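Peer 1: Give me a model of this one.
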Amino acid sequence: MINTDRWTGLFFILFSLYVCLESWRLGVGSFFRPGAGFFPFYSGALLGVLSLILGLFIFRGKAEKAESWTDVGSTITVSLAVLGFALLLTWLGFVITTFLFIFFLLRAVERRGWLLAAGGAFLISATFYVVFGLWLRAQLPAGILGR
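Peer 2: Model (predicted):
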């Protein structure tokens, strides 16, 4: 497992460098006027930092033994939920689709209670809307709310 993590960490460090370089070419812009490369650049930077952290854990020998992967049903469920999110995003809009997506994941995959799932989905979708829709003024699909 440790050898696999070393190669994985190295791959993601190199990939994050590639993403950051290509994003820089697109133009990062500023925090209040983000360019086309803003989101990819900082996503790549975050990926690079997390890959370095993985590398530090591996070289210090603090990696844990891998658990056996047996829950294929959850993987299929999440994959279908992501597909549903993509298909419903334009029709229902960002806020409603994000709420339903997070609610479904918390209820069906994580097996949380109704109140926690609804509250978590509301907080996450509202936070995403405030950050991306209001603060960064990204064009989010309005869906049925915008008609």
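Peer 1: Burial check on residue 46, number of neighbours?
Peer 2: By the measure other CB atoms under 10 Å, the count of residues near residue 46 is 11. Every residue, glycine included, has its C-beta placed from N, CA and C.
Peer 1: Check the one 3 residues further on too.
Peer 2: The tally of other residues near residue 49 (other CB under 10 Å) stands at 12.
Peer 1: Following the helix or strand hosting it in sequence, what is the next regular element?
Peer 2: Using DSSP states H and E, residue 49 sits within helix 38-59. Next helix or strand after helix 38-59 toward the C-terminus (DSSP H and E): helix 72-92.
Peer 1: then whatever helix or strand comes next after that next one to CSV, C-alphas only?
Peer 2: Moving toward the C-terminus from helix 72-92, the next helix or strand (DSSP H and E) is helix 94-104. Extracted in CSV, the C-alpha atoms of helix 94-104 (Å, rounded to 0.1, in the frame of the first residue of the first chain):
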residue,chain,number,x,y,z
PHE,A,94,-28.5,24.9,-9.2
VAL,A,95,-30.0,25.4,-5.8
ILE,A,96,-32.8,22.8,-6.0
THR,A,97,-30.5,20.2,-7.7
THR,A,98,-27.7,20.7,-5.2
PHE,A,99,-30.2,20.4,-2.3
LEU,A,100,-31.6,17.2,-3.7
PHE,A,101,-28.2,15.7,-4.5
ILE,A,102,-26.7,16.4,-1.0
PHE,A,103,-30.0,15.2,0.6
PHE,A,104,-29.9,12.0,-1.3
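Peer 1: Quick one: list the elements packing against helix 94-104.
Peer 2: Helices and strands touching helix 94-104, by 3 or more CB pairs under 8 Å, 6 or more residues apart in numbering; DSSP states H and E, are helix 72-92, helix 114-128.
Peer 1: So which of these is nearest residue 146?
Peer 2: helix 72-92 (10.7 Å; CB to CB).
Peer 1: Check what contacts that closest one and list those residues.
Peer 2: With CB atoms under 8 Å, 6 or more residues apart in numbering as the test, helix 72-92 has contacts from 97-98, 100-101, 104-105, 108-109, 141, 143-144.
Peer 1: hmm, try it at 10 Å
Peer 2: 69, 71, 96-102, 104-105, 108-110, 140-145 (CB atoms under 10 Å, 6 or more residues apart in numbering).
Peer 1: what pLDDT does the spatially most central residue of the chain get?
Peer 2: By CA atoms, centre = their mean, the chain has its centre lying nearest to residue 43, at 9.4 Å. Note on residue 43: pLDDT of 92.
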